[in-house]
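A.B. asks: return atomic coordinates for the entry below.
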Amino acid sequence: MEGTCGEADPKAVTPLDVANYRRHLQNKNRKPVTVNNALDAIGSFFTWAKESGIVESDPTEGVKRLPEQKAAPKWLDRRELGALMRAVQKRGSKKDQVLISLLLHTGLRVSEAAVSLKAKDVVIREHSGHVVVRHGKGSKYREVPLNATARRILSGYLADLSGEWLFPGKNGPMTRRVAEKVIAKYARLAGVKVTPHSLRHTFCKMLVDAGESLDRVAMLAGHENLNTTARYTRPGKADLEKAVEKIAWE
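C.D. replies: Take a look at the predicted model:
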């Protein structure tokens, strides 16, 4: 306002000024999310100014936000996944290996796995098995099947486990914070960005890429809304790179 009108009086700001500022940011090649964050900040200011009686109306009302390209969830590609698992196998304790493998092969939230699971919640048979999530998001109960890899890893671990908790801590089960530190440790050793939720995203993405229907993936992940699961059909950066490589002339 000072640069264009010579004054910075909030009462003098009009919707046109806000729209011009939006265009100014666009001309400076700011990303839509950055422009929208600026509009949100201005909107918060004028909401306060209106409630405080400084201005009579909010000039940001009616000024449209820029459409943002929705990013796909952050999952691990095969190279990143391989690096992580090599780091865990080479440097990790048995408990750490089982924790990360379980998260990756079941898609459990870290609060459902590290913090809540007891040894009795893991059922392993000769050709099948499942893990019981007694208090998932929204206190929902569900049973998640265990594939052959998860059954093999868990079988050896359970044979040597004493106590009721699947991942015991100092006083009860492992805490969420400790689980996050465990994953961060091996992510650092592998040189990749990994969070508990990115392992969950990787699980869902692998199922979608394997051709599983969204309703099956939703049930396994404990999603109430299929729109949440549909995010994994959105192509990531690597997917787009593979797409354009298919028509390369090299």
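
A.B. asks: chain center to stretch 58-75: distance?
C.D. replies: Chain-centre distance of stretch 58-75: 19 Å, with C-alpha atoms, centre = their mean, to the nearest Å.

A.B. asks: can I get it as PDB, trimmed to CA atoms?
C.D. replies: Taking C-alpha atoms only, stretch 58-75 is exported to PDB below (Å, rounded to 0.1, in the frame of the first residue of the first chain):
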ATOM      1  CA  ASP A  58     -12.800  -7.100   5.300                       C
ATOM      2  CA  PRO A  59     -11.200  -6.400   1.900                       C
ATOM      3  CA  THR A  60     -10.000  -9.900   1.500                       C
ATOM      4  CA  GLU A  61     -13.600 -11.300   1.300                       C
ATOM      5  CA  GLY A  62     -14.300 -12.400  -2.200                       C
ATOM      6  CA  VAL A  63     -10.600 -12.400  -3.300                       C
ATOM      7  CA  LYS A  64     -10.000 -15.900  -4.600                       C
ATOM      8  CA  ARG A  65      -7.100 -18.100  -3.600                       C
ATOM      9  CA  LEU A  66      -5.000 -19.600  -6.300                       C
ATOM     10  CA  PRO A  67      -5.600 -23.200  -7.200                       C
ATOM     11  CA  GLU A  68      -2.900 -25.400  -5.800                       C
ATOM     12  CA  GLN A  69      -1.500 -28.600  -7.300                       C
ATOM     13  CA  LYS A  70      -2.300 -31.300  -4.800                       C
ATOM     14  CA  ALA A  71       0.900 -33.200  -4.000                       C
ATOM     15  CA  ALA A  72       0.900 -37.000  -3.700                       C
ATOM     16  CA  PRO A  73       1.700 -38.400  -0.200                       C
ATOM     17  CA  LYS A  74       5.400 -38.900   0.500                       C
ATOM     18  CA  TRP A  75       6.200 -42.500   0.000                       C
END
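
A.B. asks: contact partners for residue 130?
C.D. replies: Counting by C-beta atoms under 8 Å, 6 or more residues apart in numbering, residue 130 touches 123, 143-146. C-beta coordinates here come from the backbone N, C-alpha and C atoms, glycine included.

A.B. asks: among the residues you listed, which lie within strands?
C.D. replies: 123, 143-145 (DSSP state E).

A.B. asks: looking at the residues you listed, which is nearest residue 94?
C.D. replies: Minimum distance to residue 94 across these is 20.2 Å, recorded for residue 123 (C-beta to C-beta).

A.B. asks: number of nearby residues for that closest one?
C.D. replies: Number of residues near residue 123 (other C-beta atoms under 10 Å) recorded here: 13.

A.B. asks: so what touches the helix ranked longest in the chain?
C.D. replies: Across the chain, the longest stretch assigned as helix under DSSP state H is helix 32-51. Contact partners of helix 32-51, identified using C-beta under 8 Å, 6+ apart, comprise 10, 13, 18, 21-22, 25-26, 30, 55-60, 63, 65-69.

A.B. asks: of those, select the buried ones using a PyMOL command.
C.D. replies: Filtering the contacts of helix 32-51 down to the buried ones (16 or more other C-beta atoms under 10 Å) takes a single PyMOL command:
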select buried, resi 13+18+21+22+25+30+55+58+59+60+63
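
A.B. asks: related to what we said a few turns ago, closest to residue 93 among the contacts of residue 130?
C.D. replies: Taking C-beta to C-beta as the measure, residue 93 lies nearest residue 146 of those, at 20.8 Å.

A.B. asks: which residues does the closest one contact?
C.D. replies: Contacts of residue 146 by C-beta under 8 Å, 6+ apart are 105-106, 122, 124, 128-131, 154.

A.B. asks: what values do phi and psi take at it?
C.D. replies: The phi and psi values for residue 146, taken as degrees, to the nearest 10, are phi -110, psi 130.

A.B. asks: distance of it relative to residue 155?
C.D. replies: Distance from residue 146 to residue 155, counting by C-beta to C-beta, to the nearest Å: 10 Å.

A.B. asks: good, wrapping up.
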